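A.B. asks: quick check, what structure comes out for this input:
(one chain, ligands or ions: 1)
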Amino acid sequence: MTPTTPTGGSRPAGPCGEHREHIADLLASCDDYLRRIRRTLQGGHTSRHYVTEKAQALRNAASSLLAGCHDVEGWLRQCGDEIIEDWDGEPSITECELEAGHRGPHQAGSQRSPMGVATDAGRDLAGAAQAFSDHLDWLAPRGCLAPDVVDDMPQLARGLREVTHALSKATRALDALWTAPRDPGSSDEEELP
Ligand SMILES: [Zn+2]
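C.D. replies: Numbering: from 1, shown residues only. Sure thing, here's the model as predicted:
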């Protein structure tokens, strides 16, 4: 089953567009798995195997989402010029974290680009999904989601809330990224040495 993308209509062009579609798909998958898990846990007829399976799928989708964010980040962040900073007399070499073709001086880490924010949100989502899935794995040998499920529900519910929160944060961050103003003349520009 392939979940529908929230951006189904217009397909953005270019390499970023490809990533964008991939990331939108993964985001939609996370949302889909999350809904299924929530529905099952709230529905009364809980199946441990079903929930654990969906939690693992959620974790995998979330970690793919994070990897996708890293891909886009890597693609966008092409400046990477070396900056030599003075750390208590020791020279420390870092990379410029601004996007390729930026104006003004190079900068290391002091500014968060929309992509950086989105990657952080993706990392939080992957972490929350991992924790949720790990919790289910930990419960499984104890026969959870059987009679003693009641004791575990508050913690499962908290884990679900954390994933939900991380997912909406990632959605907002990615929305902000796709609508962020880009350098107007960024296509077919001649590379300066
Ligand atoms: Zn730079």
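
A.B. asks: other SSEs contacting the helix or strand that contains residue 20?
C.D. replies: Assigned by DSSP states H and E, residue 20 belongs to helix 14-43. With contacts taken as 3 or more Cβ pairs under 8 Å, 6 or more residues apart in numbering; DSSP states H and E, helix 14-43 sits against helix 48-76, helix 149-179. Where you see a C-beta, it was placed from the backbone N, CA and C, and this is true even at glycine.

A.B. asks: please compute how far that helix lies from its chain's middle.
C.D. replies: 10 Å (Cα atoms, centre = their mean, to the nearest Å).

A.B. asks: and for the closest residue to residue 26 other than its chain neighbours, the neighbour number?
C.D. replies: Spatial nearest neighbour of residue 26, chain neighbours left out: residue 65 (4.2 Å); criterion: Cβ to Cβ, 6 or more residues apart in numbering. Residue 65: 29 surrounding residues under other Cβ atoms under 10 Å.

A.B. asks: residue 91 too?
C.D. replies: Residues lying near residue 91 (other Cβ under 10 Å) number 8.

A.B. asks: identify the bridge partners of it.
C.D. replies: Per DSSP bridges, the residues bridged to residue 91 are residue 86.

A.B. asks: so it sits against residue 84, correct?
C.D. replies: Yes. Residue 91 is within contact range of residue 84, at 5.3 Å (criterion: Cβ atoms under 8 Å).

A.B. asks: tell me the contacts of the residue nearest to residue 26?
C.D. replies: 23, 26, 27, 30, 122, 125, 126, 170 (Cβ atoms under 8 Å, 6 or more residues apart in numbering).
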